[in-house]
Each structure stands twice: as C-alpha cells, then as structure tokens.
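Novice: Let me see the structure of the following:
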Amino acid sequence: MDLSNARWRTSTRSGASGGNCVEVAGNLPGVVGVRDSKDPAGPALTFAPAAWRAFVAQVTDRA
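Specialist: Residues are numbered from 1 along each chain as shown. Predicted coordinates:
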C-alpha cells in the first residue's frame, strides 16, 4: 500500500513532546493509516474506515 500521500496527524492529547503516541492518516481513499510517532519511517498499519471507527468508538467508550 502506497502511503506516500498520507497526511499524518498526532492526537491533541499527546502533549507537547509528542512522546508515546500514534499518528493517524485519514485522507487516503478507502483506508486509514496508523503508525508509531517515534518511528515515522517504520511500518504502518492500515484499516478499513469502518473498522477504524469501530475501534475508536470502543476506546472512547472506555476512556
């Protein structure tokens, strides 16, 4: 999967240092990219948008 056009964003809750968090790219058609903010050149996971929304909903409900 080509993620070269991904626009990565970090959570607003990650703090100023950008420490231990993930970055998400939601601008790609049909896929949501997720990567480690400390290793932006490393591997990235991809999810179908519906699967990502379900994951976020579950995490948000438990926060």
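
Novice: Any idea how many residues pack against residue 33?
Specialist: Close neighbours of residue 33, defined as other CB atoms under 10 Å, add up to 21. To be clear about C-beta, it is placed using only N, CA and C from the backbone, and glycine gets the same treatment.

Novice: Over to the one 5 residues further on?
Specialist: Look at residue 38: counted by other CB under 10 Å, it has 12 neighbours.

Novice: where does it land on pLDDT?
Specialist: Turning to residue 38, the model gives it a pLDDT of 87.

Novice: Can you tell me the SS state at the most centrally placed residue in the chain?
Specialist: For the chain, the residue sitting closest to the mean C-alpha position, by CA atoms, centre = their mean, is residue 24 at 2.1 Å. The three-state assignment at residue 24 reads strand, by DSSP: H, G, I helix; E, B strand; the rest coil.

Novice: tell me how far the ends of stretch 31-42 are from each other?
Specialist: Stretch 31-42 has an end-to-end distance of 18 Å (CA to CA, to the nearest Å).

Novice: And stretch 22-33, by the same measure?
Specialist: Stretch 22-33 has an end-to-end distance of 10 Å (criterion: CA to CA).

Novice: quick one: the strands in this protein?
Specialist: For the chain, the strands defined by DSSP state E cover 9-10, 22-25, 32-36, 44-47.

Novice: how about a markdown table for the ones you listed, with distance to residue 57 added?
Specialist: Formatted as a markdown table, the strands of the chain follow (distance: least, CB to CB, whole Å):
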| stretch | distance to residue 57 |
| --- | --- |
| strand 9-10 | 19 |
| strand 22-25 | 15 |
| strand 32-36 | 13 |
| strand 44-47 | 13 |
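
Novice: mind checking which of these is nearest residue 59?
Specialist: Nearest to residue 59 among the strands of the chain is strand 22-25 (11.3 Å), distances taken as CB to CB.

Novice: Walk me through which strands the closest one pairs with, and which way each runs.
Specialist: Partner strands for strand 22-25, per DSSP bridges, with pairing direction: strand 9-10 (antiparallel), strand 32-36 (antiparallel).
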